[in-house]
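Asker: Could you work out the structure for the sequence below:
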Amino acid sequence: MTRTLTLVMMLLTLWSTAFCATVRQPVVAGQFYPADSAQLRQSIAEYLAKAGSPTIDGQLLAVIVPHAGYVYSAPVAAYAYKLLQNSGIDKVILCGPSHQVAYQGMALYGPGVSWKTPLGIVKCDDSLCNRLLAFDKRIMVSEQSQAREHSLEVQLPFLQSVLKDFRIVPVGMGTQNASDVELLARALESLKLDDHTIMIASSDWQHYRPAAQGYKMDSLGMACLMLLDGDRLQQYLDDGIVEMCGGGPAVAVLKAAIACGANKVKILKYGDSGDITGDKSSVVGYVAVAIYKSPSPSGKSSDKKMTETKAKESMAQSGYLSDSDKKKLLEIARQSIESFLKDGTVPAFDVPESLTKPGAAFVTLNEDNMLRGCIGYTVAVEPLYKTVSDCAVKAATSDPRFQPVTQSEVPRLKLEISVLTPLEKVSSLDAILVGRDGLMISLGSNRGLLLPQVATEYGWDRTQFLEQTCQKAGLPRDAYKDPNAVIYKFQALVFGE
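Answerer: Numbers count the residues shown, from 1 in each chain. I've put the predicted structure just below:
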């Protein structure tokens with residue numbers, strides 16, 4: 001009897017030890033978010049309440065959310081999590097980067113693991129974990145990958161606040177090269193997700209740059225998302241044009257969502273750490289993104305294309321520039337770049353009288369269908385041909401978002417010129433027509449401009465266009481409502497090689 005009792009006690013001890021080993025304890029509670037459960041619940045409830053009622057017109061498949069300390073990033077993340085309330089989601093695939101441990105491929109801390117937070121226990125979905133592990137040997141189990149990592153942990157209290165009876169698949173990504181990103185995308189796609197499953201990519205954006213400069217980088221990444229262009233976003237990340245510490249997981253989740261039918265992306269909220277600290281000289285960017293399947297897809301719809309085409313035709317029919325004028329300006333732009341990169345000079349040009357009149361213009365450079373530079377003048381001071389020549393050289397050499405163009409790249413460049421009409425002060429927002437008008441906003445020392453084709457390409461409505469123009473100026477999204485803000489509109493004749 002004694003021997004039997006001893007054996008039972010030993011087995012119970014072993015079972016208890018094994019069970020405890022499968023509980024992943026919180027490692028950033030009290031640092032990134034409150035360790036006290038009551039305080040944590042209250043703070044999340046307040047963040048969700050302030051997020052209002054964000055909406056999408058379709059089925060949510062994935063979100064991208066930040067993962068910094070709650071005081072900085074939670075006001076943004078809450079916009080995405082608000083969409084999950086009463087959603088019926090019961091399985092969450094969490095994908096995030098590794099900040100603490102270097103490893104190749106993807107690392108799961110599951111199956112058979114429960115994750116603990118001050119709000120309770122969250123279990124892994126063992127079936128989905130095992131299916132990912134079976135997909136490729138580069139997807140492995142690793143306790144060490146999450147031993148000190150915060151990118152997934154900080155999402156759990158939010159999930160516990162908006163969902164009931166859910167399980168997770170915790171995926172960490174080590175190296176974020178294009179090969180591993182593609183692997184994760186295919187692995188997620190292979191799961192054949194049902195309507196009760198959502199993918200979450202955990203990522204902060206640019207780090208420790210002045211807000212105006214940081215937004216320029218972040219806006220390029222957000223544009224890639226809105227265009228559902230994961231390949232372009234991956235290239236921008238590889239080239240350092242866009243910064244996302246969780247860029248790899250974000251691209252993989254985007255691609256997997258598209259494979260599952262996603263046809264629309266909505267930027268729910270953008271912000272940076274300076275919104276909290278008041279210091280805009282060095283900020284980290286945060287974005288909440290919804291990726292979903294809509295019966296009315298985004299992007300270049302026929303109606304928006306028609307509006308843009310009519311705007312261009314209207315300017316062309318006015319006799320603003322002839323076809324030969326446009327051809328000459330494109331030649332001037334290219335020759336200016338080639339000459340300047342060769343010996344630092346710009347040649348003299350023989351031009352018709354129509355191009356000697358003062359003109360405002362932007363020159364945009366694209367390489368392999370990706371933005372490579374864009375600089376312009378909004379006021380007609382120089383002759384139009386001289387404006388185009390100057391802007392072409394500066395787009396190639398002085399756009400702060402990019403490294404200077406090299407001579408070897410020039411043959412691959414595709415040039416686009418936008419010739420602007422004079423700026424017209426907007427007295428009523430109703431006078432702004434998306435697809436026809438570009439916008440410039442000025443408030444204090446801040447000024448930002450977006451060309452007409454930008455709103456059309458990204459599928460923005462008038463309010464979104466105004467908000468994006470404000471952010472381009474380094475201003476809050478709703479700064480256009482400020483009585484001291486001055487808004488201008490203009491049209492552009494756009495043509496390219």
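Asker: low pLDDT regions in the stretch 251-400 of the chain?
Answerer: For the stretch 251-400 of the chain, the stretches with pLDDT under 70 are 297-320.
Asker: show me the contacts for the residue nearest to P34 when sequence neighbours are not counted.
Answerer: The shortest distance from P34 to any residue other than its chain neighbours is 4.3 Å, reached at L40 (CB to CB, 6 or more residues apart in numbering). No exception for glycine: its C-beta is placed from N, CA and C like everyone else's. Residues in contact with L40, defined by CB atoms under 8 Å, 6 or more residues apart in numbering, are Y33, P34, T117, P118, L119, P157.
Asker: Try it again at 10 Å.
Answerer: The contact partners of L40, by CB atoms under 10 Å, 6 or more residues apart in numbering, come to A29, Y33, P34, Y70, T117, P118, L119, P157, Q160, S161.
Asker: What segments of the stretch 251-400 of the chain are helices?
Answerer: 274-277, 302-317, 323-343, 384-397 (DSSP state H, counting those that start in this stretch).
Asker: Which strands and helices lie in contact with the helix or strand containing K489?
Answerer: Using DSSP states H and E, K489 sits within strand 486-490. In terms of contacts (3 or more CB pairs under 10 Å, 6 or more residues apart in numbering; DSSP states H and E), strand 486-490 is packed against strand 424-425, strand 438-443, strand 446-450, helix 462-472.
Asker: Each with direction, which strands does the following helix or strand past that strand pair with?
Answerer: Counting by DSSP H and E, the next helix or strand C-terminal to strand 486-490 is strand 492-496. Paired with strand 492-496 in the same sheet, following DSSP bridges, are strand 413-420 (antiparallel).
Asker: Grab the longest strand from this protein for me.
Answerer: strand 283-293 (DSSP state E).
Asker: Report how many residues lie close to the nearest residue to A77 once chain neighbours are set aside.
Answerer: The shortest distance from A77 to any non-neighbouring residue, by CB to CB, 6+ apart, is to V65 (4.4 Å). The number of residues packed near V65 is 29, by other CB atoms under 10 Å.
Asker: Tell me the predicted confidence for V65.
Answerer: Turning to V65, the model gives it a pLDDT of 98.
Asker: again, but for L450
Answerer: L450 is given a pLDDT of 90.
Asker: Quickly list what it is bridged to.
Answerer: L439.
Asker: Let me have the helices of the stretch 251-400 of the chain in a markdown table, extended by distance to N263.
Answerer: Formatted as a markdown table, the helices of the stretch 251-400 of the chain follow (distance: least, CB to CB, whole Å):
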| stretch | distance to N263 |
| --- | --- |
| helix 274-277 | 31 |
| helix 302-317 | 15 |
| helix 323-343 | 34 |
| helix 384-397 | 32 |
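Asker: got these as a markdown table, with mean neighbour count and distance to G174 columns?
Answerer: What follows is these, written out as a markdown table (neighbours: other CB atoms under 10 Å; distance: least, CB to CB, whole Å):
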| stretch | mean neighbour count | distance to G174 |
| --- | --- | --- |
| helix 274-277 | 16 | 30 |
| helix 302-317 | 14 | 40 |
| helix 323-343 | 18 | 39 |
| helix 384-397 | 24 | 36 |
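Asker: Sort out which residues of stretch 410-420 are buried, please.
Answerer: V410, L413, L415, E416, I417, S418, V419, L420 (16 or more other CB atoms under 10 Å).
Asker: what's near enough to touch S98?
Answerer: Applying CB under 10 Å, 6+ apart to S98 gives the contacts 106-107, 142, 144-146, 148-149, 151, 172-176, 245-246.
Asker: min pLDDT across the residues you listed, which one?
Answerer: T175 (89).
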